[in-house]
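Participant: What shape does this take:
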Amino acid sequence: MVSEQTGLVGLQAAVMEPEICRGMILLNISLRMLHIKKQPWYGRPLIRSFQNLLRNTAAGKLFYKMVATSESVRNILCQCYNDTSQVTEELVEKILQPGLETGAADVFLEFICYSGGPLPEELLPQVKCPVLIAWGDKDPWEPIELGRAYGNFDSVEDFIVLPNVGHCPQDEAPHLVNPLVESFVTRHATPPASVSAASLYSSN
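Facilitator: Residues are numbered from 1 along each chain as shown. So this is what the prediction gives:
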């Protein structure tokens with residue numbers, strides 16, 4: 001089960017090494033709206049300049065210092081969680097602590113400045129295993145109206161709407177997500193008869 005940007009990594013792995021993947025669940029996968037192919041032509045120079053500013057000057061580290069605080073993390077989570085009561089102090093600290101480690105700023109800046117690579121709509125047609133997509137209908141960052149198109153690919157066995165759920169369904173609504181995971185695993189855990197014991201061993 002993968003979500004947001006990790007969903008792209010999972011899709012890429014399933015395309016490059018199909019033998020390691022029997023199925024995949026994607027949760028609110030990133031639409032990659034800042035990808036170079038989705039940027040309006042007139043906005044590309046400005047976006048590129050802003051990304052270069054963050055990546056190559058002290059402005060990026062200053063920006064990250066402003067973001068990597070308990071208050072900022074809490075505010076961001078309250079934007080993406082529809083049920084803000086789920087944004088607890090424990091959650092804020094669990095998300096903040098890795099961001100205070102050495103090198104975290106560089107990772108963050110590379111993440112927000114990256115506009116290349118494959119798009120989900122380019123990878124999904126290449127995936128050979130079944131894919132289940134679930135999407136919180138209150139996601140403010142990855143609008144479900146745009147995400148629904150992913151349900152049209154042959155590899156996608158179902159597109160499930162999670163009502164009144166924001167950007168992080170696995171955290172905000174585990175009571176909705178966990179049954180989907182259990183059902184999906186039950187359906188696809190048994191390998192095809194043609195898969196040998198040796199190949200099973202190498203893929204686990």
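Participant: can we go C-alpha only for contacts and neighbour counts from here?
Facilitator: OK.
Participant: Any chance you could list what contacts the helix or strand hosting Met66?
Facilitator: With the criterion set as DSSP states H and E, the secondary-structure element containing Met66 is helix 58-67. When contacts are taken as C-alpha atoms under 8 Å, 6 or more residues apart in numbering, the neighbours of helix 58-67 outside the stretch itself are 53-54, 72-73, 105, 108-109.
Participant: buried subset of those?
Facilitator: For the contacts of helix 58-67, a burial check counting by 16 or more other C-alpha atoms under 10 Å picks out 54, 73, 105, 109.
Participant: Stretch 90-108 - what's its average pLDDT?
Facilitator: When the per-residue pLDDT values of stretch 90-108 are averaged, the result is 93.
Participant: tell me which residues of that stretch are tucked away?
Facilitator: In stretch 90-108, residues buried by neighbour count (16+ other C-alpha under 10 Å) are 92, 96, 99, 105.
Participant: how close does the residue nearest to the third one when sequence neighbours are not counted get to Val156?
Facilitator: Leaving aside its chain neighbours, Gly99 sits nearest to Ala68 (6.5 Å; criterion: C-alpha to C-alpha, 6 or more residues apart in numbering). In this view, Ala68 and Val156 are 36 Å apart by C-alpha to C-alpha, to the nearest Å.
Participant: more crowded one of these two?
Facilitator: More neighbours sit around Val156 than around the other of Ala68 and Val156, counting by other C-alpha atoms under 10 Å; the figures are 21 against 18.
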